[in-house]
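Asks: Here's a sequence, model it:
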Amino acid sequence: MTTDHGYPAVRMHIAGEWCQGGSGRTAPVLDPATEEEIGRVPLATPADLDRALDAAARGFGTWRDTPVARRTAVLHAAADLLTERAGAVGRIMTLEQGKPLAEAAGEARRVADTLRWHADDARRAYGRIIPSAPGTLLSVRREPIGPVAAFVPWNFPAGGPMRKISAALAAGCSIVVKASEETPATAMELVRCFADAGLPDGVLNLVFGEPAEVSARLIASPVTRLIAFTGSVPVGKLLAAEAGKVMKPSLMELGGHAPVIVCADADPVTAARRAARAKFANAGQVCTSPSRFLVHESLAEEFTAAFVAAAEAVVVGDGLAEGTTMGPLANERRLAAMERLVADAVARGAKVRTGGERLDRPGYFFPPTVLTGVPADAELMREEPFGPLAPIVPFTDLDEALATANALPYGLAAYGFTESAATAERLAGALEAGILSINHCGGSVHEAPSGGVKDSGYGREGGPEALDAYLITKRVSHLLAS
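Replies: Here you go, the predicted structure:
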């Protein structure tokens with residue numbers, strides 16, 4: 001069933017059944033390009049959450065004991081279905097989140113490959129035999145940790161849930177996912193691919209609800225063995241503290257405020273174009289988005305001119321419209337944040353070089369915005385903008401730039417541009433970040449780990465390290481019969 005907007009009727013998925021919340025409570029889903037209500041999302045009751053937990057407990061017993069070859073086959077089948085449905089899933093994503101259709105469909109296809117990667121990597125979760133005393137067999141085994149509670153945001157409606165789901169299921173865990181109430185249908189369509197691929201009932205459960213109510217119940221439950229979260233630093237600290245009270249491990253991918261250091265020997269035009277492309281992807285609503293541009297003073301003017309030109313070439317509009325390269329912000333909260341950050345920077349002496357004001361049309365549209373002369377005490381330099389704002393700040397020497405880059409408590413991503421191998425190595429050693437890209441601003445890839453340091457979290461997603469949080473390491477010492 002779909003609405004007049006072509007948006008599907010949203011349901012939760014508990015114990016293999018599509019269902020609404022037991023209380024009948026719902027919340028609106030809005031199209032950020034029009035501000036119109038396009039659907040309703042059901043909100044789980046405590047009883048619904050308990051059913052999901054019970055299902056995950058039973059599902060874990062089934063899935064853990066399923067041979068890895070069979071698990072891999074089911075996950076590959078789900079990935080194939082998602083690839084086939086990427087266009088339709090992308091349209092749903094654009095309706096509820098706003099990103100351009102090509103970007104949304106590309107996200108759906110990309111996370112299908114993430115699922116394939118994790119499915120195959122499950123075959124390589126090796127244990128080992130350790131030489132020991134005569135008559136003793138000493139081994140190390142990797143086993144699934146148990147049912148997982150995962151919490152994911154709205155900015156990547158397919159990527160956020162899939163990074164948790166794919167790693168958990170590949171490791172042999174079951175999972176309860178609390179997806180965003182603002183982008184629920186994309187998560188629902190991902191789960192549908194797994195159900196249609198033959199995933200046993202209860203292994204993957206999808207719920208929506210009041211975030212504080214859902215997290216409190218899922219974290220406290222004795223069924224849950226791991227908490228996996230992607231989102232803001234304040235919420236991540238809260239959830240990690242709640243997990244700590246009940247001695248449960250957690251995987252935290254939190255926010256950042258990624259510096260970009262453009263060294264004196266870099267090509268300023270190339271650096272500006274590559275950085276701008278990354279800055280305005282998903283309207284800047286990316287935790288690894290480049291967000292503080294530290295440019296050597298000898299290049300600042302040329303870099304700024306090229307960056308402004310790239311910003312003004314961005315076509316802002318409805319993600320479903322032909323030619324749109326940047327959609328709206330996801331909600332009114334982000335729009336208000338952009339206005340506040342720009343106003344504060346200007347009040348402190350910054351100059352808006354392009355953009356700076358919300359567009360005069362329905363929807364949560366804010367244009368690519370470039371500012372110069374932004375002082376260090378401006379909120380924009382201390383707070384992750386999570387939107388299309390780009391402050392450009394000149395520096396005199398690299399030590400100064402590195403000190404500025406590392407001054408904040410965040411450490412998720414960082415970027416550098418240089419033609420010198422020695423300088424590149426210096427950046428790699430000195431920047432306090434879990435992800436560093438040099439001479440480009442590439443995003444996360446499923447074959448390599450991503451994650452933060454300092455307040456940006458702990459644990460890794462992607463690469464061989466992705467399964468670590470979802471597996472326990474068991475030492476077995478076997479005294480052989482004489």
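Asks: shaky segments in the protein?
Replies: Within the chain, the ranges that satisfy pLDDT under 70 run 1-4, 482.
Asks: Walk me through the domains of it.
Replies: Following the assignment in automatic domain parsing, the chain carries domains at 12-254+456-475, 258-445.
Asks: how close does the closest residue to residue 395 other than its chain neighbours sit to residue 175?
Replies: Using C-beta to C-beta, 6 or more residues apart in numbering and skipping the chain neighbours, the partner closest in space to residue 395 is residue 401 (4.3 Å). From N, CA and C alone the C-beta is placed, and that goes for glycine too. For residue 401, the distance to residue 175 equals 42 Å [C-beta to C-beta, to the nearest Å].
Asks: out of these two, which sits in the busier spot?
Replies: Comparing residue 401 with residue 175 by other C-beta atoms under 10 Å, the one with more neighbours is residue 175, at 29 against 25.
Asks: who's in contact with the nearest residue to residue 78 once chain neighbours are set aside?
Replies: Beyond its immediate neighbours in the sequence, the residue positioned closest to residue 78 (C-beta to C-beta, 6+ apart) is residue 197, lying 3.9 Å away. Contact partners of residue 197, counting by C-beta atoms under 8 Å, 6 or more residues apart in numbering, are 74, 75, 77, 78, 80, 81.
Asks: how about whichever strand or helix holds the third one: buried residues?
Replies: Secondary-structure assignment from DSSP states H and E places residue 77 in helix 68-84. Neighbour-count burial for helix 68-84, counted by 16 or more other C-beta atoms under 10 Å, picks out 71, 72, 74, 75, 76, 77, 78, 79, 81, 82, 83.
Asks: just checking, next helix/strand downstream of that helix?
Replies: helix 86-97.
Asks: then that following helix to CSV, C-alphas only?
Replies: Taking Å, rounded to 0.1, in the frame of the first residue of the first chain, the C-alpha atoms of helix 86-97 are listed here in CSV:
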residue,chain,number,x,y,z
ALA,A,86,17.8,0.3,-5.7
GLY,A,87,15.9,2.7,-7.9
ALA,A,88,12.6,2.2,-6.0
VAL,A,89,14.4,2.4,-2.7
GLY,A,90,16.2,5.5,-3.8
ARG,A,91,13.0,7.2,-4.7
ILE,A,92,11.6,6.5,-1.2
MET,A,93,14.8,7.8,0.3
THR,A,94,14.5,11.0,-1.6
LEU,A,95,10.9,11.5,-0.6
GLU,A,96,11.7,11.2,3.1
GLN,A,97,15.2,12.5,3.4
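Asks: what packs against it?
Replies: Applying 3 or more C-beta pairs under 8 Å, 6 or more residues apart in numbering; DSSP states H and E, we find helix 86-97 packed against strand 26-31, strand 36-42, helix 101-121, helix 184-196.
Asks: What is the burial count for residue 359?
Replies: Residue 359 has 15 neighbours, counted by other C-beta under 10 Å.
Asks: and if you look at residue 195?
Replies: Residues near residue 195, counting by other C-beta under 10 Å, number 19.
Asks: Nothing else from me, thank you.
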